[in-house]
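Colleague: from the sequence below, what's the structure:
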Amino acid sequence: MANRVLVVDDEKTIVKGLKFSLEQEGWSVDAAYDGEDALELAGKNRYNIILLDIMLPKLSGLEVCQQIRETSNVPIIMLTAKGDDMDKIMGLEYGADDYITKPFNILEVKARMKAIMRRTSGSSKKEGREIISGDLRLVQDGKRVFVQGNEIKVTGKEYDLLKLLVENVNRVYSREELLNTVWGADYPGDVRTVDVHVRRLREKIEQNPGEPLYVQTKWGSGYYYKERN
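Modeller: Presented below is the predicted three-dimensional model:
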């Protein structure tokens, strides 16, 4: 079955170019030109990846991303304006997995999509595996996280980051190491990406994010997971 992607952008020439190029490589491509249509399609269909522009009519890409994240962990790549760092940071805050700056090269888009697909398909080989540490439980199937028996909605990247730390208890990772390991050495973002995801994780799994029990900071060095009994 062909991989399926939803392309969301109000610039029809961009959508047309992406659709043509991706279909040439065997992708099944759906298109939406505003936020409301994007949400409707994302709710009805199952996608491997969503390419989502930030500036959209009716609902912004950030709003669409946030609402999709309430029910789905589908990888989302945000399309942002050139040089607008705040858009990139906000996209990550709202649950995006990656971002690409406009104007972009279609080869870069394909490379990012393939990288995400490799990570996704690689993790599926361990479906059903569980990692338990105190009252924290990670389930590989679906990248699900439970705290004290309650499921916590996390993005794919948040799960990957937490899993790496949990599997390496008390090991301190620098922000650069985390960026290279979780996002890949070819990821063009900077270490702020790691900080954003750590902050989001703490807001979700910690009772008091200001005094975290799980994901700890080693000042001047990086982050680590403190084992819970």
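
Colleague: can you pull out the helices in this structure?
Modeller: With DSSP state H as the criterion, the chain has helices at 12-24, 35-44, 61-69, 85-93, 106-123, 156-166, 175-178, 192-205.

Colleague: Serialize those helices to TSV and add fields for distance to Leu52, mean neighbour count and mean pLDDT.
Modeller: Every C-beta, even on glycine, is put in place using the N, C-alpha and C of the backbone. Formatted as TSV, these follow (distance: least, Cβ to Cβ, whole Å; neighbours: other Cβ atoms under 10 Å; pLDDT from 0 to 100):
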stretch	distance to Leu52	mean neighbour count	mean pLDDT
helix 12-24	12	15	94
helix 35-44	7	18	95
helix 61-69	5	22	92
helix 85-93	8	18	77
helix 106-123	12	15	76
helix 156-166	15	22	91
helix 175-178	24	17	94
helix 192-205	17	19	92
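
Colleague: make a markdown table from those helices and add distance to Arg137 to it.
Modeller: Shown next, in a markdown table, are these (distance: least, Cβ to Cβ, whole Å):
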| stretch | distance to Arg137 |
| --- | --- |
| helix 12-24 | 37 |
| helix 35-44 | 28 |
| helix 61-69 | 20 |
| helix 85-93 | 25 |
| helix 106-123 | 17 |
| helix 156-166 | 10 |
| helix 175-178 | 22 |
| helix 192-205 | 11 |
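
Colleague: which of those sits closest to Val139?
Modeller: Set against Val139 and scored by Cβ to Cβ, these come closest in helix 156-166, at 9.5 Å.

Colleague: for the closest one, packing partners?
Modeller: The elements that helix 156-166 packs onto, with contact taken as 3 or more Cβ pairs under 8 Å, 6 or more residues apart in numbering; DSSP states H and E, are helix 106-123, strand 130-133, strand 136-139, strand 144-147, helix 192-205, strand 222-225.
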